[in-house]
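J.: I would like to see how this sequence folds:
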Amino acid sequence: MGPLHGVTIVEIASIGPGPFCGMMLADLGADVVRVDRAEAVVGPEVTGSSLELMNRGKRSIGLDLKNAAGVETVLRIVEQADGLIEGFRPGVAERLGIGPVACREHNPRLVYGRMTGWGQEGPLSGAAGHDINYLALSGVLHAIGRANEPPVPPLNLVADFGGGGMLLALGMVAGLFEAQGSGLGQVIDAAMIDGSALLTTMFHGMRAMGLWSDRRGANLLDTGAPFYEVYETSDGGFMAVGAIEPHFYAEFVDLLEVDGDLPEQLDATQWPEMKRRIAAKFKTGTRRDWEIRFAGSDACVTPVLTMGEAPHHPHHRIRKTFLELDGATQPAPGPRFDRTPGGIAGPPPVGGEHSDEILARFGFDQVERAALRQSGAVR
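T.: Model prediction:
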């Protein structure tokens, strides 16, 4: 049982950060009831599971939210829930009849989490967008990439998941904690553009101190420095170097065995030449050669593994960083708790897989369940 055992969260189906937030809460022991669109579910006879890994540990009910009976079903479930998360554009949940005001009338203690790209207000609040757009306007995207090259989108990890889903999960847990004392819920406005900006706090501090330039690829942590860089090996692999501190850097240089002395570590005028010489040295050995050379050192040098390779690394195997569930390799839950560890409660459900079970759990009798199916409100 995880630290959120006993907490019930209603997740209105969405994509990306919303399901990720729900996954984190489910991994921590919450009972997450996912409301899938009725037209997207397979039906009550469905068996097996999907590979939508962010839905792991959840239960799914198929509801038609354009059907009044479907909306009433959500509100009735909300009466017994602790939180709800949704990822609509501002105003959509209200038009459907499941906005914060409507839900609060049924449950004043409900913590209502809203996941959007631009936030609930502002000139862009109603606009479409994706991770790359939020990164662009928050200043994040401009900073990522190499000198004299265009910015590089860091997958959709920063806005969708770090600045979005994970931030909403923190907000939900904080809201749930506060509600225990106040007896009242509140609305959590988690915007991916806000979260993206929040993640750059350290860099804004460095910029204020004159330690960070807006020139891409010219700084300590953006591939400007030769000791914080990725180098290709003779077999087409790559090694990651993060030897920032002087004692780590000294060990790195010693083990690398570059011919002749390298310039002083922090002499940025010499960084291009240092990088050229280090790159040439890494090209003389395979990735495995260098992995063996730096193993057990404090030089902060590691091989760059693919997602297929990573689960097999000895460190991950010992820590069980990855696990396999129903044939799907996936990252294990985190963070870890020593007394209430939590974990994955089950594989990802197919949409509507638990409709009858969920309705019964929230007090719908057999006659009511049959009527909801007949009306098309539930699948």
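
J.: flag the shaky bits of the stretch 1-150 of the chain, pLDDT-wise.
T.: 40, 42-49 (pLDDT under 70).

J.: now do the buried residues in stretch 257-276.
T.: Taking 16 or more other Cβ atoms under 10 Å as the basis for neighbour counts, the residues of stretch 257-276 that come out buried are 262, 265, 268, 271, 274, 275. Bear in mind the C-beta positions are built from the backbone N, C-alpha and C, glycine included.

J.: most widely separated two among the residues you listed?
T.: Farthest pair in the buried residues of stretch 257-276 (Cβ to Cβ) is 262 and 268. Separation: 13.5 Å.

J.: that older thread, just send the buried residues of stretch 257-276 back as a markdown table, with secondary structure and pLDDT too.
T.: As requested, the buried residues of stretch 257-276 are exported to a markdown table (DSSP: H, G, I helix; E, B strand; the rest coil; pLDDT from 0 to 100):
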| residue | secondary structure | pLDDT |
| --- | --- | --- |
| 262 | coil | 91 |
| 265 | coil | 96 |
| 268 | helix | 95 |
| 271 | helix | 97 |
| 274 | helix | 96 |
| 275 | helix | 97 |
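
J.: from those residues, pick the one nearest residue 130.
T.: When those are compared for distance to residue 130 (Cβ to Cβ), residue 275 comes out closest, at 33.2 Å.

J.: nearest residue to that closest one other than its sequence neighbours?
T.: Residue nearest to residue 275 in three dimensions, not counting chain neighbours: residue 226, with 3.9 Å by Cβ to Cβ, 6 or more residues apart in numbering.

J.: same question, residue 320
T.: Looking at residue 320 with Cβ to Cβ, 6+ apart, the closest residue is residue 332, at 5.8 Å.

J.: and that neighbour, what does it touch?
T.: Contact analysis of residue 332 by Cβ atoms under 8 Å, 6 or more residues apart in numbering lists 320, 321, 322, 323, 344.

J.: swap in 6 Å and give it another go.
T.: Neighbouring residues of residue 332 by Cβ atoms under 6 Å, 6 or more residues apart in numbering: 320, 321, 323.

J.: got a markdown table for the residues you listed, with distance to residue 59, neighbour count and pLDDT too?
T.: Conversion of these to a markdown table gives the following (distance: Cβ to Cβ, whole Å; neighbours: other Cβ atoms under 10 Å; pLDDT from 0 to 100):
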| residue | distance to residue 59 | neighbour count | pLDDT |
| --- | --- | --- | --- |
| 320 | 25 | 10 | 97 |
| 321 | 26 | 14 | 98 |
| 323 | 20 | 14 | 96 |
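
J.: show me those residues that map onto strands.
T.: Assigned to strands by DSSP state E, the following of these qualify: residue 323.

J.: give the contact list for the residue nearest to residue 83 when sequence neighbours are not counted.
T.: The shortest distance from residue 83 to any residue other than its chain neighbours is 4.2 Å, reached at residue 111 (Cβ to Cβ, 6+ apart). Taking Cβ under 6 Å, 6+ apart as the criterion, residue 111 is in contact with 83, 172, 175, 176, 179, 185.
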